[in-house]
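K.L.:
the amino acid sequence is not available; the structure is as follows:
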């Protein structure tokens, strides 16, 4: 039986008593690269974290591959916002990527040579193999984001969730990351990305979730990226968007 990659029914989330996400329902089929867009304060990151059980939901049902998130945790890779990560933590690039293999390691078993080889393979894929012995805190923003994508790749996950992966990232790292995300989708994986730059949405994604606390629209980029639909989400911010050519 084929399941949707993600099925969400009537998801509600509050932050300090204020409703941040209201009644969102949608299904994502496998193999899609989906951008979550919407104005500042629209609840994009909250929505992503609530899907993954990283923050409590008021109500709503989320199924991943037809099961609860807890049941398929090993099949999910999550790349948080860079400001959510302790970059002073004394860990090398290679060790950070090796953490991605831990879901498949038995408790307290040290990584084997094959695990390290796989981690290096993932670093090569993001163009960071020459930095394997560096401390993660010594890297640029783009390099750090590549390392965390390599860690996600090391997990061999089916679904990849990335929260604002392009913030503070150089152009070449952004291009590398997008290329890899597209490759993952060609392999049948599902990728969900919180994203704020509307000018790139058409190039990066094949589907969009447009949020402003409520679900404004979800579907193919060409369907969602219509002036009247975008205007419903951005309201007062729309004059600025017209300058961006939306």
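P.N.:
Perfect, I can see it now. In this text, all values refer to a predicted model and were calculated from it rather than measured experimentally.
K.L.:
just checking, what packs against the helix or strand encompassing residue 202?
P.N.:
Residue 202 belongs to helix 198-204 when assigned by DSSP states H and E. The contact analysis (3 or more C-beta pairs under 8 Å, 6 or more residues apart in numbering; DSSP states H and E) places helix 198-204 against strand 33-37, helix 171-186. Backbone N, C-alpha and C define where each C-beta goes, glycine included.
K.L.:
could you give the angle of the helix or strand that the shortest one is followed by to strand 33-37?
P.N.:
Past strand 33-37, heading to the C-terminal end, the next element that is a helix or strand (DSSP H and E) is helix 44-51. An angle of 130 degrees separates the directions of helix 44-51 and strand 33-37 when computed by axes from the mean of the first three to the mean of the last three C-alpha atoms, to 10 degrees.
K.L.:
hmm, back to that, can you point out the buried residues in the helix holding residue 202?
P.N.:
Neighbour-count burial for helix 198-204 flags 198, 201, 204 (criterion: 16 or more other C-beta atoms under 10 Å).
K.L.:
surely the first one and residue 230 touch.
P.N.:
Put plainly, it is residue 198. Yes: the pair residue 198 and residue 230 qualifies as a contact (C-beta atoms under 8 Å) at a distance of 7.5 Å.
K.L.:
model confidence over stretch 223-231, on average?
P.N.:
Mean pLDDT, computed over stretch 223-231, is 91.
K.L.:
likewise stretch 31-44?
P.N.:
94.
K.L.:
same question, stretch 154-164
P.N.:
On average, stretch 154-164 scores 94.
K.L.:
let's see the distance spanning it from one end to the other.
P.N.:
Using C-alpha to C-alpha, to the nearest Å, one end of stretch 154-164 lies 20 Å from the other.
K.L.:
which parts of this protein are helices?
P.N.:
For the chain, the helices defined by DSSP state H cover 44-51, 93-98, 113-125, 141-154, 171-186, 198-204, 221-224, 227-234, 238-243.
K.L.:
which helices and strands does the third one pack with?
P.N.:
What it means is helix 113-125. helix 93-98, helix 141-154.
K.L.:
and of the ones you listed, who's closest to residue 20?
P.N.:
helix 141-154 (24.7 Å; C-beta to C-beta).
K.L.:
for that closest one, the distance to its chain's centre please.
P.N.:
Here helix 141-154 is found 12 Å from its chain centre; the criterion is C-alpha atoms, centre = their mean, to the nearest Å.
K.L.:
buried set for that helix?
P.N.:
142-154.
K.L.:
make TSV out of the residues you listed and add distance to residue 184.
P.N.:
Below are the buried residues of helix 141-154 laid out as TSV (distance: C-beta to C-beta, whole Å):
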residue	distance to residue 184
142	19
143	20
144	20
145	15
146	14
147	17
148	14
149	10
150	13
151	14
152	9
153	8
154	13
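K.L.:
from these, which is closest to residue 113?
P.N.:
residue 154 (14.6 Å).
K.L.:
my guess is the closest one meets residue 101, correct?
P.N.:
Yes: in this structure residue 154 lies within contact range of residue 101 using C-beta under 8 Å: 5.2 Å.
K.L.:
circling back: residue 134 is nearest to which of the helices and strands packed on helix 113-125?
P.N.:
Among the helices and strands packed on helix 113-125, helix 93-98 sits nearest to residue 134 (C-beta to C-beta), with 5.2 Å.
K.L.:
what's that closest one in contact with?
P.N.:
111, 115-116, 119-120, 122-123, 128, 131-136, 139, 147-148, 150-151, 154 (C-beta atoms under 8 Å, 6 or more residues apart in numbering).
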